[in-house]
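**Q** no letters, just coordinates:
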């Protein structure tokens, strides 16, 4: 996420980190590079101009120049100003008061609106809500079928249109049926276009007028940079958006949209899409995003993801087995599945402080296919073999390789890595260090 911007900002601020004394001249030199990095990331030029001036005024203050760690002070200021630019604090969905609440998703075709509707429904389910998906795009049958499929995958009801209705009538009818479906939040997937036109905006305005939505959320593609900001302005002028959801943030998005939208429109980013899976959506925290952009990681989000995904009873059971030195390949496989729930290895590494600054990790792209291969090899083993790896002799290894579609060398490598991991984890457990579910060693 923002790999290019992170690398350039770190390069710009690198010389300030180790300096014992700062002057207005070397601060100005560093900020000139910061300015270029932000402009190349497609951040709005007016926003860049103001941001650099705000940082400069704070950085040349007496508190910084006479500080024992002036370089770190400047980086702290940059972090705070980036946080301020993106909205200071997390903005929740306004789901208080009388239900059902209505979340109206708007945006152009190709921004990931329909998939985001499914992701949002999944997220709300984890929050104890009962979402109801409403397909209001009557022009693209594939969108309706896609929403039905997503609803089926996550066990969320989808509004079924009984007769030909206009989009605004669909929304009104769905609202009247929400109670019968046991729903307290309607997620409305509206139609999009390849570009903004009068017909689209008039339709969205009619829907807004008929149902008075609780939230109007623009779904925008983060990869489009400043175009996403310009689009947000146009949608906001007509509909008065309540927030933005940025999609496709898992790639090396340039950063312009995330850093500019709040400052330009006044509307907060509420969620970000970080992958294709239905659980790949995260609440947006400006301070955590600023930390990621500066290569400082995001441990809070990683911890929250782990708390949400890891089963405490299973963790306690694992720790007990480690202390008794009974960790086997079935436990190894269980840990693998737990890690996969946290997201891709690349995302996890990106949340660890300082990892983005390590030269050896710059070109490191974890091979997710290797994890699939490991799982296939373990699945090809008998229960007895998974519980006692020592009985896996040469003939068994050949059979396991054939059954998993891999080579004997792959089986040998897995067993070697497992033995090393087993020793390491059992060593940690015996020393009283809290168990750490990991197969990354």
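**A** Structure received. Everything quoted here is computed from the prediction, not taken from an experiment.
**Q** isn't residue 333 up against residue 371?
**A** No: between residue 333 and residue 371 there is no contact under C-beta atoms under 8 Å: 10.7 Å. All C-beta atoms are positioned from the backbone trio N, CA, C, and that covers glycine.
**Q** give me the element the spatially closest residue to residue 285 that is not a sequence neighbour is part of.
**A** Sequence neighbours aside, residue 90 is the residue nearest to residue 285 in space, at 4.9 Å (criterion: C-beta to C-beta, 6 or more residues apart in numbering). Of the helices and strands defined by DSSP states H and E, none includes residue 90.
**Q** what's the answer for residue 102, then?
**A** In this assignment (DSSP H and E), residue 102 forms part of strand 101-106.
**Q** and whichever helix or strand comes after that strand, which residues are buried?
**A** Going down the chain from strand 101-106, the next helix or strand is helix 113-126, by DSSP H and E. Within helix 113-126, the residues that count as buried by 16 or more other C-beta atoms under 10 Å are 113, 114, 115, 116, 117, 118, 119, 120, 121, 122, 123, 124.
**Q** do stretch 94-101 as well
**A** The neighbour-count criterion (16+ other C-beta under 10 Å) identifies 95, 99, 100, 101 as the buried residues of stretch 94-101.
**Q** ok, now stretch 85-95?
**A** Along stretch 85-95, the positions that meet the burial threshold by neighbour count (16+ other C-beta under 10 Å) are 85, 86, 87, 91, 93, 95.
**Q** before we move on, what about stretch 398-412?
**A** Of the residues in stretch 398-412, 399, 400, 401, 404, 406, 410, 411 count as buried by neighbour count, 16+ other C-beta under 10 Å.
**Q** the residue nearest to residue 285 contacts residue 286, correct?
**A** Yes: with contacts defined as C-beta under 8 Å, residue 90 counts as touching residue 286 at a distance of 7.5 Å.
**Q** give me the number of residues near the closest residue to residue 109 other than its chain neighbours?
**A** When the adjacent residues along the chain are set aside, residue 109 lies closest to residue 192, with 4.1 Å between them (C-beta to C-beta, 6+ apart). Under the neighbour criterion other C-beta atoms under 10 Å, residue 192 is assigned a count of 23.
**Q** contacting residues for residue 192?
**A** Contact criterion C-beta atoms under 8 Å, 6 or more residues apart in numbering gives 106, 107, 108, 109, 110, 111, 113, 137, 200 as the residues in contact with residue 192.
**Q** now tell me what touches whichever helix or strand residue 56 is part of from outside.
**A** Assigned by DSSP H and E, residue 56 falls within helix 45-59. Taking contacts as C-beta under 8 Å, 6+ apart, the residues outside helix 45-59 that touch it are 22, 27-28, 31, 34-35, 38-39, 64, 73-74, 77-78, 81-82, 85, 259-260, 263-264.
**Q** and the helix or strand hosting residue 288, how far out from the chain's middle?
**A** Here residue 288 is covered by helix 286-293, with elements defined by DSSP H and E. Between the mean C-alpha point of helix 286-293 and the mean C-alpha point of its chain there is a distance of 12 Å (C-alpha atoms, centre = their mean, to the nearest Å).
**Q** helices and strands around it, which ones?
**A** helix 3-17, helix 70-86, helix 256-265 (3 or more C-beta pairs under 8 Å, 6 or more residues apart in numbering; DSSP states H and E).
**Q** quick one: list the elements packing against the shortest one.
**A** In terms of contact count using 3+ C-beta pairs under 8 Å, 6+ apart, helix 256-265 is assigned the packing partners helix 45-59, helix 70-86, helix 226-239, strand 243-247, strand 269-273, helix 286-293.
**Q** output those as CSV; include the columns mean pLDDT and distance to residue 129.
**A** Written out in CSV, the entries for those read as follows (pLDDT from 0 to 100; distance: least, C-beta to C-beta, whole Å):
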stretch, mean pLDDT, distance to residue 129
helix 45-59, 89, 35
helix 70-86, 83, 26
helix 226-239, 89, 24
strand 243-247, 93, 17
strand 269-273, 93, 14
helix 286-293, 83, 23
